[in-house]
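Trainee: I'll drop the sequence and a predicted model, then ask my questions.
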Amino acid sequence: QVQLVESGGGLVQAGGSLRLSCTASGRTISVYAVGWFRQAPGKEREFVSTISRSGGSTYYADSVKGRFTISRDYTMNTVYLQMSSLKPEDTAVYYCAVGGSGGNFRQNEYDYWGQGIQVTVSS
């Protein structure tokens with residue numbers, strides 16, 4: 001089993017930055033791809049970004065491309081999502097998830113999920 005805990009969320013003004021962390025325990029996540037998803041109020045959960053098992057491939061939703069950067073630290077068993085130039089429409093609960101080896105855009109391709117963390121961007 002893998003337990004995932006997100007941290008780093010909070011309230012930020014538009015144009016600001018936040019770095020989300022997803023720290024795993026229970027077993028190493030180095031053999032898995034890791035993804036970030038988000039769910040805004042009244043909307044379905046959507047894909048944000050994913051990084052492959054090797055860390056060599058990263059993918060982003062068009063809405064965050066150029067503003068968000070995903071990375072992973074194998075020694076810390078942690079994946080990060082650096083979010084810059086934040087917009088009010090980025091307000092959502094952000095979830096990290098683990099599964100597969102890479103290029104996973106669909107939620108059902110992930111086996112383990114964190115509880116989520118709130119990110120609120122004020123205008």
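Mentor: Nice, thanks for sending it over.
Trainee: the strands in the chain, which residues?
Mentor: Using DSSP state E, the strands of the chain run over 3-7, 10-13, 18-25, 33-39, 46-51, 58-60, 68-73, 78-83, 92-99, 112-113, 117-122.
Trainee: for stretch 28-46, which positions count as buried?
Mentor: The neighbour-count criterion (16 or more other CB atoms under 10 Å) identifies 29, 32-38, 45 as the buried residues of stretch 28-46. Where C-beta positions appear, they are placed from N, C-alpha and C, glycine not excepted.
Trainee: one step back: how about the strands of the chain, which one is nearest R106?
Mentor: The closest of the strands of the chain to R106 is strand 46-51. By CB to CB, the value is 7.7 Å.
Trainee: off-centre distance for that closest one?
Mentor: Its chain's C-alpha centre and that of strand 46-51 lie 6 Å apart, by CA atoms, centre = their mean, to the nearest Å.
Trainee: quick one on the thing from earlier: could you dump the strands of the chain to CSV with distance to F105 and mean pLDDT?
Mentor: CSV is the format used below for those (distance: least, CB to CB, whole Å; pLDDT from 0 to 100):
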stretch, distance to F105, mean pLDDT
strand 3-7, 18, 97
strand 10-13, 26, 98
strand 18-25, 17, 97
strand 33-39, 8, 97
strand 46-51, 5, 97
strand 58-60, 7, 96
strand 68-73, 13, 97
strand 78-83, 16, 98
strand 92-99, 11, 97
strand 112-113, 15, 96
strand 117-122, 20, 98
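Trainee: what's across from the residue nearest to the spatial centre of the chain in the sheet?
Mentor: Relative to the mean C-alpha position of the chain, the nearest C-alpha, by CA atoms, centre = their mean, is the one of W36, at 2.6 Å. Beta-bridge pairing of W36 under DSSP bridges involves S49, C96.
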